[in-house]
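S.K.: how does the following fold in three dimensions:
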Amino acid sequence: MYKSFTEMPVWQKAHKLSIDVFNLTINLPRSEDYSLTSQIRKASSSIPANISEAFGRKTKKDKSNFYVIARGSLFETQNHLLYGEGVGYFKKSIVDGLIKQYDNLVYEINKIINSLS
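M.R.: Modelled structure (predicted):
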């Protein structure tokens, strides 16, 4: 049993990916500050935030709900990555690598959700 959400491998991976996404967006044009930059950063940071919130909940139903929200933010992040690639902001190789890591993360989140039902 984990004493802190920071010990959870699923949170650690989500946290690392949110930092990777932040770093990817540092050089986006200023015109994207309140659009893509803000949206992708919020979506990616929402994943570990909701995992940590699930950790603090008591009931399985409550916990599951926050993992479902984390999964939704994960897919939103993937969408923003693909958009950024499509408009030429991000290199395909970088997006492909991040998408693959997020695919692995969604698999882990799904396992947790299934274990709670």
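S.K.: was I right to think Y67 contacts I51?
M.R.: Yes - using CB atoms under 8 Å, Y67 is in contact with I51, at 7.0 Å. For the C-beta atoms, the positions are set from N, CA and C on the backbone; glycine is no exception.
S.K.: what touches both of these two?
M.R.: Contact criterion CB atoms under 8 Å, 6 or more residues apart in numbering; residues shared by Y67 and I51: I109.
S.K.: so which of those two has more stuff around it?
M.R.: I51 (28 against 24; other CB atoms under 10 Å).
S.K.: the helix or strand where L81 lies - contacts with which helices or strands?
M.R.: Using DSSP states H and E, L81 falls within helix 60-86. Applying 3 or more CB pairs under 8 Å, 6 or more residues apart in numbering; DSSP states H and E, one finds that helix 60-86 contacts helix 9-25, helix 36-55, helix 92-116.
S.K.: okay, angle between it and helix 92-116 too, please.
M.R.: 170 degrees (axes from the mean of the first three to the mean of the last three CA atoms, to 10 degrees).
S.K.: quick one: E85 and L98 touch, right?
M.R.: No - in this structure, E85 is not within contact of L98 by CB under 8 Å, at 9.8 Å.
S.K.: ok, and for the helix holding L81, which residues are buried?
M.R.: Buried residues in helix 60-86, counting neighbours by 16 or more other CB atoms under 10 Å, are found at 63-67, 69-71, 73-74, 76-78, 80-81, 84-85.
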